[in-house]
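Peer 1: my questions are about this predicted structure, shown below with the sequence.
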Amino acid sequence: MAKLSYEEARDELQKVVASLESGGLGLEDSVKLWERGEELAGICQEWLDGARAKLESAKQEDGSEKTVKEKYYCIVATKQRPLDIK
């Protein structure tokens, strides 16, 4: 099976949580659903960790303490391409 996108995993996780909260499931089905929820939460966390790492990499790329937002405003103000910003 192909890896789910963050949005797909999050949406499915929300459905899993709603099903568990509504009750009415047997123990075996509840455990299977819980395990699927754990798997989906892990997928979401992987996506979030990857995004955080990319942001940190962009922040430290030039060795400055500029934030990603500061770099963006610098790019817009100078009309330079992102790779031109030091």
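Peer 2: Received, thanks. Numbering: from 1, shown residues only.
Peer 1: low pLDDT regions in this protein?
Peer 2: Low-confidence segments of the chain (pLDDT under 70): 1-2, 61-86.
Peer 1: what segments of it are helices?
Peer 2: Residue ranges of the helices in the chain, as given by DSSP state H, are 6-22, 27-60, 68-78.
Peer 1: list the buried residues in stretch 17-33.
Peer 2: For stretch 17-33, a neighbour-count test (16 or more other C-beta atoms under 10 Å) marks Ser19, Leu33 as buried. All C-beta atoms are positioned from the backbone trio N, CA, C, and that covers glycine.
Peer 1: send over it as CSV, restricted to the C-alpha atoms.
Peer 2: What follows is stretch 17-33, C-alpha atoms only, in CSV (Å, rounded to 0.1, in the frame of the first residue of the first chain):
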residue,chain,number,x,y,z
VAL,A,17,-11.3,8.4,17.0
ALA,A,18,-15.0,9.1,16.3
SER,A,19,-15.8,5.4,16.0
LEU,A,20,-13.9,4.6,19.2
GLU,A,21,-15.6,7.4,21.1
SER,A,22,-19.1,6.4,19.9
GLY,A,23,-18.7,3.0,21.4
GLY,A,24,-20.8,0.0,20.4
LEU,A,25,-17.8,-2.0,19.1
GLY,A,26,-16.7,-5.3,20.5
LEU,A,27,-13.4,-5.6,22.2
GLU,A,28,-11.6,-7.2,19.2
ASP,A,29,-12.9,-4.6,16.8
SER,A,30,-12.0,-1.8,19.2
VAL,A,31,-8.4,-3.1,19.6
LYS,A,32,-8.0,-3.4,15.8
LEU,A,33,-9.3,0.1,15.4
